[in-house]
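*Asks:* Here is my input, please return the structure:
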Amino acid sequence: MKILKTIGITLLVIIALLLVVALFLPSQVHVERSIVIKAEPAVIFSQLDTLKNWEKWSPWLKKDPSTKLSYEGPAFGKGAKYNWKGDKLGSGSLCITDAMPDSILLNTMEFGGMGKSNSSFKLQKTANGTKVTWDMDSKSENMPWYLRLPSHYFFLSMDGMIGPDYEAGLKNLKEIAEKMPAPMVLPEVKPEEVTTNDQKAIMISVNCTKADVTAKFGEAMGKLAKYAAKNHAKMTGPPFAVYHHWQNDNFIFDACAPVDKKLKGEGDIKYSDVKGCKALKTDYHGSYMNMMPTYMSIEKWMKENKKKATGDSWEVYVTDPQKEKDTAQWLTEIYYPMQ
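*Replies:* Numbers count the residues shown, from 1 in each chain. Predicted coordinates for the structure are as follows:
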């Protein structure tokens, strides 16, 4: 009995000593690893900011294939969240708390009632690519009260335990990002608000694939020119096209020619009184086949400047391709009707 009492007292003394020593150990820990990836920040950020992409490179998911994931909130950016539950990993969740595109991603991890940690990814453009720094900060104050002092001992070995996983994850991320295509570089646009004039126009509706747009437009303009000449009408300006639909390689548009008088139309040729309106006008120089990035820039500009189109966009082909062979010199005016 005396022996048991001695053992008990000894254990209490040891525990007390450990707790006292813990008071003098670090109450927080910082783990950090970096890697240089030969890819643009936007490419790398897309892998970090969209949580489902973590399934491709997360070091822990590769360690425990039994892990089940569920997602909440938006697909990417602030508020995006996933929960995990696995035989080896236990349960927990990760939530993006802030996202600065192509620069910084902040998140919070909760470990199934064992406390939480803050983590971040920082992207910095360098001469050799993009430096990606992945770090984590954990504090004993963010843990349940009964783990706060014991966690000070755990923090002593945290870098050695978590660091290799961060290195493996960054290596996986590097392999994926360096195989991805570079992001589309959007051109700068300077739209201006204008008011268009009323005009008379004859037109033909076209439904075709993207590859056939130029040929179909040229074919339609040939028919419109013959019809105008037959009816002694003159063209009053460059031809234009009103785009009603362009998605999944399907383009629906009206090929139009402005004329000096009202006509009845014939067969698939229709007449329209085109009313003037307020519009956002952007000049584009180049081949018709390379206009998509400019459209994306215009719509991005409209969103940033709180502008909203009230109808279908149209293009005015100022330069005649038959007279100017250098596509870099072709001028197309892009219009979006506005309120």
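*Asks:* So in terms of bridging, what pairs with the nearest residue to Thr310 once chain neighbours are set aside?
*Replies:* Leaving aside its chain neighbours, Thr310 sits nearest to Pro337 (4.9 Å; criterion: C-beta to C-beta, 6 or more residues apart in numbering). Bear in mind the C-beta positions are built from the backbone N, C-alpha and C, glycine included. For Pro337, the beta-bridge partners are Ala279 (DSSP bridges).
*Asks:* Quick check, pLDDT for Asp49.
*Replies:* According to the prediction, Asp49 has pLDDT 91.
*Asks:* ditto for Gly218
*Replies:* So Gly218 comes in at 93 (pLDDT).
*Asks:* Over to it: give its phi and psi.
*Replies:* phi -60, psi -40 (degrees, to the nearest 10).
*Asks:* any idea how far it lies from Ala241?
*Replies:* 11 Å (C-beta to C-beta, to the nearest Å).
*Asks:* Between the two, point out the one with more neighbours.
*Replies:* The residue with more neighbours, out of Gly218 and Ala241, is Ala241; 22 against 13, by other C-beta atoms under 10 Å.
*Asks:* Across the sheet, point out what pairs with the more buried one.
*Replies:* Ala255, Glu315.
*Asks:* Residue numbering should commence at 50 henceforth.
*Replies:* Okay, residue one is now 50; in that scheme the one you just asked about reads as Ala290.
*Asks:* Name all residues that make contact with it.
*Replies:* 266, 302-305, 363-364, 366 (C-beta atoms under 8 Å, 6 or more residues apart in numbering).
*Asks:* just checking, Ile84 touches Lys220?
*Replies:* Yes - contact criterion C-beta atoms under 8 Å: Ile84 and Lys220 qualify, at 6.9 Å.
*Asks:* of those two, who's got more company?
*Replies:* Shown here are Ile84 and Lys220; by other C-beta under 10 Å, Ile84 has more neighbours (17 against 14).
*Asks:* quick one: the residue lying closest to that one once chain neighbours are set aside from Thr175, how far?
*Replies:* In space, and not counting its chain neighbours, Ile84 is closest to Leu219: 4.2 Å by C-beta to C-beta, 6+ apart. Applying C-beta to C-beta, the value for Leu219 to Thr175 is 15 Å.
*Asks:* cool, and Leu222?
*Replies:* The value you get for Leu222 to Thr175, if C-beta to C-beta is used, is 16 Å.
*Asks:* quick one, which of those two is more surrounded?
*Replies:* Neighbours of Leu222 and Thr175, each counted by other C-beta under 10 Å, are more numerous for Leu222; the result is 25 against 9.
*Asks:* Is that one in contact with Gln96, as I believe?
*Replies:* Yes - counting by C-beta under 8 Å, Leu222 touches Gln96, with 6.1 Å between them.
*Asks:* Need the residues touching each of the two.
*Replies:* Common neighbours of Leu222 and Gln96 (C-beta under 8 Å, 6+ apart) are Trp106.
*Asks:* Not counting sequence-adjacent ones, nearest residue to Trp106?
*Replies:* Nearest one to Trp106, counting by C-beta to C-beta, 6+ apart, is Asn221 at 3.7 Å.
*Asks:* Spatially central residue in this structure, please.
*Replies:* Nearest residue to the geometric centre of the chain (C-alpha atoms, centre = their mean): Ser95, 6.5 Å.
*Asks:* To which secondary structure element type does it belong?
*Replies:* helix (DSSP: H, G, I helix; E, B strand; the rest coil).
*Asks:* pretty sure it is in contact with Lys105, am I right?
*Replies:* No - applying C-beta under 8 Å, one finds Ser95 not in contact with Lys105, separated by 11.4 Å.
*Asks:* what's the neighbour count on the nearest residue to Thr376 once chain neighbours are set aside?
*Replies:* In this structure, Thr376 finds its nearest non-sequential neighbour in Ser336, 4.1 Å apart by C-beta to C-beta, 6+ apart. Counted with other C-beta under 10 Å, the neighbours of Ser336 add up to 13.
*Asks:* Now Ser336. Its backbone dihedrals?
*Replies:* phi -70, psi 150.
*Asks:* ok, now how distant is it from Glu373?
*Replies:* The value you get for Ser336 to Glu373, if C-beta to C-beta is used, is 12 Å.
*Asks:* Please apply the same query to Tyr320.
*Replies:* On the measure of C-beta to C-beta, Tyr320 and Glu373 end up 29 Å apart.
*Asks:* what does Ala250 give?
*Replies:* Counting by C-beta to C-beta, the gap from Ala250 to Glu373 is 23 Å.
*Asks:* Neighbour count: the two, which is higher?
*Replies:* Ala250 (21 against 12).
*Asks:* ok, back up a step: what is in contact with Ser336 and Glu373 at once?
*Replies:* Trp379.
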